[in-house]
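In: generate a structure from the sequence data that follows.
(chains A and B)
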There are 2 protein chains.
Amino acid sequence: MWIMRQAGRYLPEYRKLRESVDFKTATKTPEVAARITLQPLERFELDAAIIFSDIMTPLEGMGVKLDFDPGPVLEKPVRSADELALLEPEESAPFVLEALRHVRAELAADKALIGFAGAPFTLFCYLIQGQGSKDFMEARAFLRAEPDAAGRMLDVLGTSMSRYLTSQADAGADVVMLFDSWAGLLSPDVYRRFVLPVTRRVVSEVRTATRKPVIYFANGAASLLPDVREVGADVVGVDWTVPLARAVERLGPDVVVQGNLDPAALFAPEAELEQAIRHVIRGGAAARAHIFNLGHGIHRTTDPGRVAFLVDLVREASTTASTAEVGR
Amino acid sequence: MWIMRQAGRYLPEYRKLRESVDFKTATKTPEVAARITLQPLERFELDAAIIFSDIMTPLEGMGVKLDFDPGPVLEKPVRSADELALLEPEESAPFVLEALRHVRAELAADKALIGFAGAPFTLFCYLIQGQGSKDFMEARAFLRAEPDAAGRMLDVLGTSMSRYLTSQADAGADVVMLFDSWAGLLSPDVYRRFVLPVTRRVVSEVRTATRKPVIYFANGAASLLPDVREVGADVVGVDWTVPLARAVERLGPDVVVQGNLDPAALFAPEAELEQAIRHVIRGGAAARAHIFNLGHGIHRTTDPGRVAFLVDLVREASTTASTAEVGR
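Out: From the prediction side, this is the model:
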C-alpha cells in the first residue's frame, strides 16, 4: 500500500517546508527532495516511498526549457525530435539519482522505494502543447498530421525514459513506475499504433536491464485495458472510474493491479469511506496480487486524519502477503 | 449527421461575425444566435442545426452571476440550493427560445433543429468549482462530504433543465440534447447514486411533456455505458475513446447511437481520415440507428475543407434511412 502524490500539499509539514523553497528547487536539491519523500512515511505505515520529483523534471536535461506554475509551462512548444537531446541521466539529472541514494539509505529495509518517469506519450503531450490542457488536442492532432515526426519524438522520449528509469533503479529504486497520465485521451486504435510499441519497449528494456518490477499507470484508460495489458508491465495501475473487479476481469487474473480508491471518497463520512475502501479490497482479490492505492493523486485539501484512517483500515483488512508481494 | 460545435471557431464566417460581438452577447441576441446556428448548414449538407448557446447560459436566469473567458467563470462558486432560483424559461432565457423560433422558421423542413441543456451533474461541477477544471475535485469532494446539499442542488438543476428543454421543444426544437460533459469523472457507484436518478427524471419529464426524442451524451463515460443506458434517452452519444461497435455491444442493439469520430482524425491525411470515418460507420451498423457525429466538439483549428470531405463521404456511404430516422 502507498498513495499517489503521498508526499504533497495535503501534509502540513510539506507545506511548511515549501514556504522556503519553490517546487522546482525542491526537486533539484537532493536533500530537500529526500526529506519530502520521507515525510509521509514518518506519519503513516505505508509500504513504499516514491521519490519526490515531476515527470517533466528530466526533460530539462534533454534541452527543454520549462517552469512550473504549478503545472509545467514550456518556454516554447517542442515539435521535432531534432530539438530533443537523448537524456544522459548521470549528467543531466544527477540530483534525482542522488535523492534516491539518500532515501534508500534512510529508508527501513522492509519499505520499497519507487522511482518514476513520464510515459512517452504523456511527455509528448506536454511538449507539443507547451503546457497542461484538458484534451491536448494539439498533441493529438500532431500525431495524426505528422505521424513520422511524432514517432521520432516518441522514440527519443522512450529511449531517454528507459535510460532514466534504469539509472533510478541503479541508484536504489526497488520498483519503477511509468505514468501515462494522458493515454486515456486516445482511442484503442491510435493507442495501439503510436503509443503501445514505444511504451512496451521502455518497459521491456528497463526490466531486462534492472530485473526490477515496473508499474504502468495509464490514467482514464477504461477503454484501453486490454491494450494496456500488452505493455507488459509487472503491475498495472487502475484509475478510480473502473470498478477494480471489472478491471481484473479485463486484464486477466495473472496481473498484479494497483489502485484504485476514488480520491474524493476521502471526503465522505467515515462509515462510507470504510465501505469504499472495502469495496476496493474485494475488487482486487481476484488479481494475482493487489497493491492498494488511490485511483489518482491525493487532493491537496484532504484531511491527513482520513489518510491515517485509510492506512489503518487497509493494514487491518488485508494480509501482509497480498500487500507486500511486489515490494522489495 | 451533424457535428458537435458545428457552429464555431473553425468557420471563418463565425470568426468574422464574432469580431463585432462577444460570445455572451451573441448567445443573448436572438438574431445573432440564429445567424450563427445556420452558418454550418449554409456550407455543408448536414441533417441538423443545433442552437448556438452555452450550457451555462440558463444559469444566469437562476441567479448565478457568470462570464466567459472563454470557459465559464462564476463571480463566486454556488454551494447551496438556496442560492439557486428555479428557472422560468420564458422569463429568464427568452432570447434562447426566440432564437429557436427564428431558426425553425428559416430552416428547411427536412432539417432537424436541436435544442440543448447541460445535464445536472455537469452544471453542478461548474457551480461548485466556480470555473472549468480538469478533474473538478472540489465538486466531487462536495458530493461525498455534503450528499444532502448536493442532492438538493442537483434536483433544482434537474427541474430547471427539464423546464428549459421542454420550452425549447415548444419553441421549435425537434430534438433536445443533454450534455453531461463531466460524468466521466465518476465511478459507476457514485454515478448511480447521485447522478442517474435526477438525469433519468429530466429525460422522462421532457419526453412525456414534448413527445420529442432526447439525446444524452456523457463524455468520457467508457466505464458508465450500462448505467448511461438506464438514463432512458432515445439516443446515446458516445465519445471517441470507445470503439463504436463495442459501445453498441454494451448498450444493446435497441439503442440509437450518436458519434464518434475522433476530432483529431480530421487532421490526418485524407486516406486515413476516410478509413477512420468508414470504421465509425461500420461500428454503428449494429445499432438500431446511427447518427453520425464526432466523438467530441470539433477543434477550432480544423480545416473546413476536411469537414466538407467528411460530410460528403458520410452522405455517400450511409443510406438516407439510417441517418435520418431520428431526425424530424
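In: any stretches of the stretch 201-328 of chain A with poor pLDDT?
Out: A:319-328 (pLDDT under 70).
In: what's across from the most centrally placed residue in chain A in the sheet?
Out: For chain A, residue A:179 is the residue whose C-alpha lies nearest the centre (CA atoms, centre = their mean; 3.9 Å). Here residue A:179 sits in beta bridges with residue A:118, residue A:217, going by DSSP bridges.
In: helix/strand/coil for residue A:247?
Out: Here residue A:247 is helix, with the state taken from DSSP: H, G, I helix; E, B strand; the rest coil.
In: okay, it and chain B: tell me how far apart.
Out: Noted for residue A:247: a distance of 9 Å to chain B, by CB to the nearest CB, to the nearest Å. (Glycine included, C-beta is placed from N, CA and C.)
In: send me the longest helix belonging to chain A as PDB with only the CA atoms.
Out: Ranked by number of residues, the top helix in chain A under DSSP state H is helix A:147-170. Below are the C-alpha coordinates for helix A:147-170, written out as PDB (Å, rounded to 0.1, in the frame of the first residue of the first chain):
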ATOM      1  CA  PRO A 147       2.900  10.700 -37.700                       C
ATOM      2  CA  ASP A 148       6.600  10.300 -38.700                       C
ATOM      3  CA  ALA A 149       7.800  13.300 -36.700                       C
ATOM      4  CA  ALA A 150       5.600  12.200 -33.800                       C
ATOM      5  CA  GLY A 151       7.000   8.700 -34.000                       C
ATOM      6  CA  ARG A 152      10.600  10.100 -33.900                       C
ATOM      7  CA  MET A 153       9.800  12.200 -30.800                       C
ATOM      8  CA  LEU A 154       8.200   9.300 -29.000                       C
ATOM      9  CA  ASP A 155      11.200   7.200 -29.800                       C
ATOM     10  CA  VAL A 156      13.700   9.700 -28.300                       C
ATOM     11  CA  LEU A 157      11.400  10.100 -25.300                       C
ATOM     12  CA  GLY A 158      11.200   6.300 -24.900                       C
ATOM     13  CA  THR A 159      14.900   5.800 -25.100                       C
ATOM     14  CA  SER A 160      15.500   8.600 -22.700                       C
ATOM     15  CA  MET A 161      13.000   7.400 -20.100                       C
ATOM     16  CA  SER A 162      14.300   3.800 -20.500                       C
ATOM     17  CA  ARG A 163      17.800   5.100 -19.500                       C
ATOM     18  CA  TYR A 164      16.300   7.300 -16.800                       C
ATOM     19  CA  LEU A 165      14.400   4.500 -15.100                       C
ATOM     20  CA  THR A 166      17.400   2.200 -15.400                       C
ATOM     21  CA  SER A 167      19.600   4.800 -13.700                       C
ATOM     22  CA  GLN A 168      17.000   5.200 -11.000                       C
ATOM     23  CA  ALA A 169      17.000   1.500 -10.300                       C
ATOM     24  CA  ASP A 170      20.800   1.500 -10.200                       C
END
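In: what's the helix or strand for residue A:207?
Out: Assigned by DSSP states H and E, residue A:207 falls within helix A:196-210.
In: for that helix, buried residues please.
Out: Under the neighbour-count criterion of 16 or more other CB atoms under 10 Å in any protein chain shown, helix A:196-210 has A:196-203, A:205-207, A:210 buried.
In: quick one on the thing from earlier: quick one: contacts for the residue nearest to the centre of chain A?
Out: Shown in contact with residue A:179 (CB atoms under 8 Å, 6 or more residues apart in numbering or on different chains): A:55, A:116-119, A:122, A:217, A:219.
In: helices or strands up against the longest helix of chain A?
Out: helix A:89-92, helix A:94-106, strand A:112-118, helix A:120-129, helix A:137-145, strand A:175-180, helix A:196-210 (3 or more CB pairs under 8 Å, 6 or more residues apart in numbering or on different chains; DSSP states H and E).
In: show the average pLDDT along that helix.
Out: In this model, helix A:147-170 has an average pLDDT of 98.
In: now the angle between helix A:120-129 and it, please.
Out: Angle of helix A:147-170 versus helix A:120-129, following axes from the mean of the first three to the mean of the last three CA atoms, to 10 degrees, is 120 degrees.
In: ok now helix A:147-170, how far from the chain's centre?
Out: Centroid separation for helix A:147-170 versus its chain: 16 Å, with CA atoms, centre = their mean, to the nearest Å.
In: please list the residues of chain A that sit near chain B.
Out: When proximity is defined by CB under 8 Å from any CB of the partner chain, chain A lies next to chain B at A:132, A:134-135, A:137-138, A:140-145, A:184-190, A:220, A:222-224, A:240-243, A:246, A:262-265, A:267-268, A:272, A:279, A:296, A:299, A:301.
In: at 7 Å instead, please
Out: Proximity of chain A to chain B (CB under 7 Å from any CB of the partner chain) is limited to residues A:134, A:137, A:140-141, A:143-145, A:184, A:186-188, A:220, A:222-223, A:240-243, A:262-265, A:267-268, A:299.
In: out of the residues you listed, which end up buried?
Out: Using 16+ other CB under 10 Å, the buried ones in the residues of chain A next to chain B are A:137, A:140-141, A:143-144, A:184, A:186-188, A:220, A:222-223, A:240-243, A:262-265, A:267-268, A:299.
In: where's the nearest residue in space to residue A:34 that is not next to it in sequence relative to chain B, distance?
Out: Nearest non-adjacent residue to residue A:34, counting by CB to CB, 6 or more residues apart in numbering or on different chains: residue A:102, 3.7 Å away. Note on residue A:102: its distance to chain B, by CB to the nearest CB, is 32 Å.
In: surely residue A:102 touches residue A:32?
Out: No. Counting by CB atoms under 7 Å, residue A:102 does not reach residue A:32; the two are 10.0 Å apart.
In: who touches both of those two?
Out: Both residue A:102 and residue A:32 lack any common contact, where contact means CB atoms under 7 Å, 6 or more residues apart in numbering or on different chains.
In: torsion angles phi and psi at residue A:22?
Out: Backbone geometry at residue A:22, expressed as degrees, to the nearest 10, gives phi -80, psi 170.
In: count of neighbours near it?
Out: 10 (other CB atoms under 10 Å in any protein chain shown).
In: confidence score at it?
Out: With respect to pLDDT, residue A:22 has a value of 96.
In: run through the strands of the stretch 201-328 of chain A in chain order.
Out: Secondary structure of the stretch 201-328 of chain A (DSSP state E, counting those that start in this stretch): strands at A:214-218, A:235-237, A:256-261, A:289-294.
In: got the ones you listed as TSV, with mean neighbour count columns?
Out: TSV is the format used below for the strands of the stretch 201-328 of chain A (neighbours: other CB atoms under 10 Å in any protein chain shown):
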stretch	mean neighbour count
strand A:214-218	25
strand A:235-237	24
strand A:256-261	24
strand A:289-294	25
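In: which of these sits closest to residue B:310?
Out: Nearest to residue B:310 among these is strand A:214-218; the distance by CB to CB comes to 29.1 Å.
In: by contact count, what packs against that closest one?
Out: Contacts defined by 3 or more CB pairs under 7 Å, 6 or more residues apart in numbering or on different chains; DSSP states H and E place strand A:214-218 against strand A:175-180, helix A:196-210, strand A:235-237.
In: just the closest of the buried residues of helix A:196-210 to chain B, please.
Out: The shortest gap between chain B and any of these belongs to residue A:196, at 15.0 Å (CB to the nearest CB).
In: quick one: the residue lying closest to residue A:318 once chain neighbours are set aside from chain B, how far?
Out: Using CB to CB, 6+ apart and skipping residues adjacent in sequence, the residue nearest residue A:318 is residue A:281, 5.9 Å away. To chain B, residue A:281 is 15 Å away according to CB to the nearest CB.
In: what's the answer for residue A:14, then?
Out: With CB to the nearest CB as the criterion, residue A:14 and chain B are 18 Å apart.
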